[in-house]
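K.L.:
Here's my sequence, what's the structure:
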Amino acid sequence: MLNYLKTWLFAAAAFCLTGYSVAETHGAAHQAASAQQASASQAASKAPSREEKSIIWRIRKDNQPTSYLVGTVHIGKQGSTLPPDFQYVLKQSRQLVLETQIADEEYAKAHPEEVVKMLQMMVHNKSLNETLGGKTTMIVRRIFRESAIPEFADLMGNPSSQYSLAPWAIWFHLGYTGTPPDYSTDYGVESLLLKQARTRKLPVLGLEDIEPLEMMRTIPDDVAVRNIEYLILRQDQMKQEQLELFQAYERRDADKLEELASDEESVSLVDPRDHEFMKRLNQQILGQRNRNWMPKLQQYLAQKPTLVAVGAAHLFGKDGLVALLRERGYTVEPFVMGK
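P.N.:
So this is what the prediction gives:
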């Protein structure tokens, strides 16, 4: 069960939801709009250009150690090993920073209360019969049992029990049942980095705790149930899209990865009635989290040479980590071994 917890943290899109209240004169409103446009333009200029797209970046700043940023997917082809350039940047580092420490099995075992807290957030005080209905529950259980995360079928709970897994949690994890049979979380770059970091006794740190779950919990039951039913009917499409993602990553095709992380692509398997809601949520899950990470990330980078490993979708766009670090005075450049 601990292995699939890492899948919580794969996200897509890039945006930060902000609000602005115009209560003064038309001139003040115009000034504010101009300032926002300038800020957006400045942020866009910090985003990686097409020519410099990469999944491995070197981070530099005056009077600070050199660090590295890598984009990952949390699943990889069975039997995979860590590529040489990933091995190199890990060897140059004195600590490994992940999205969350719960992705580290050793940390999760040493802090069972964190895992319990995480699972408690996924529990619903309604039965599956009330939320999904008996027929849909049976179909979803079968899909999970035949997938790379069969343990999730039992985690759903008894159909008639007063407590069960919340519909949003079922919907989210149902999206990972399309993982090809020869792929596994054990061979994702994140897992491979963790194993080597543990072998070298490097500290493993996190940028957040359970914030993504707080965001996911805002999905209403009816929206989640509707999209569970929508996914059930599109299993082949889901499997094809997952394979496309993994293959793009294996090719180091950063343009394709950014395309797959776009708002439009993020709702390709969402009921059209819920596109706008899911796009807003998707924007929060990536852009807002990226900004939330910055204080802790800057603290880590100042300490010692650091390797930061996060989902590849977190790297791109005006609210991606590359742009946000550049805004804060860091020199962030694509890393190529031997250059």
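
K.L.:
so where do the strands sit in this structure?
P.N.:
In order along the chain, the chain carries the following strands (DSSP state E): 56-60, 67-72, 76-77, 95-100, 123-124, 164-165, 183-184, 204-208, 306-311, 331-334.

K.L.:
Could you tell me which strands sit next to the fourth one in the sheet, and their orientation?
P.N.:
Using DSSP bridges, the strands paired with strand 95-100 are strand 204-208 (parallel), strand 306-311 (parallel).

K.L.:
what comes into contact with that strand?
P.N.:
Contact with strand 95-100 is made by 8-9, 90, 104, 190, 193-194, 197, 202-210, 297, 300, 303-311, 314, as judged by Cβ atoms under 8 Å, 6 or more residues apart in numbering. Where C-beta positions appear, they are placed from N, C-alpha and C, glycine not excepted.

K.L.:
so it versus strand 67-72, what angle?
P.N.:
For strand 95-100 against strand 67-72, the angle between stretch directions is 40 degrees (axes from the mean of the first three to the mean of the last three Cα atoms, to 10 degrees).

K.L.:
Would you mark the buried spots in stretch 144-155?
P.N.:
144, 147-149, 152, 155 (16 or more other Cβ atoms under 10 Å).

K.L.:
Give me the contacts around it.
P.N.:
Outside stretch 144-155, the residues that touch it by Cβ under 8 Å, 6+ apart are 1, 4, 7, 75, 141-142, 156, 165, 173-174, 176-179, 181, 183-185.

K.L.:
cool, stretch 224-237 as well?
P.N.:
Stretch 224-237 is touched from outside by 131-132, 136, 139-140, 143, 166-168, 170-171, 174-175, 177-178, 238, 268-271, 273-274, 278, with contacts defined as Cβ under 8 Å, 6+ apart.

K.L.:
change it to 7 Å
P.N.:
By Cβ atoms under 7 Å, 6 or more residues apart in numbering, the residues outside stretch 224-237 that reach it are 131-132, 136, 139-140, 167-168, 170-171, 174-175, 178, 238, 269-271, 274.

K.L.:
Please consider this matter closed, and thank you.
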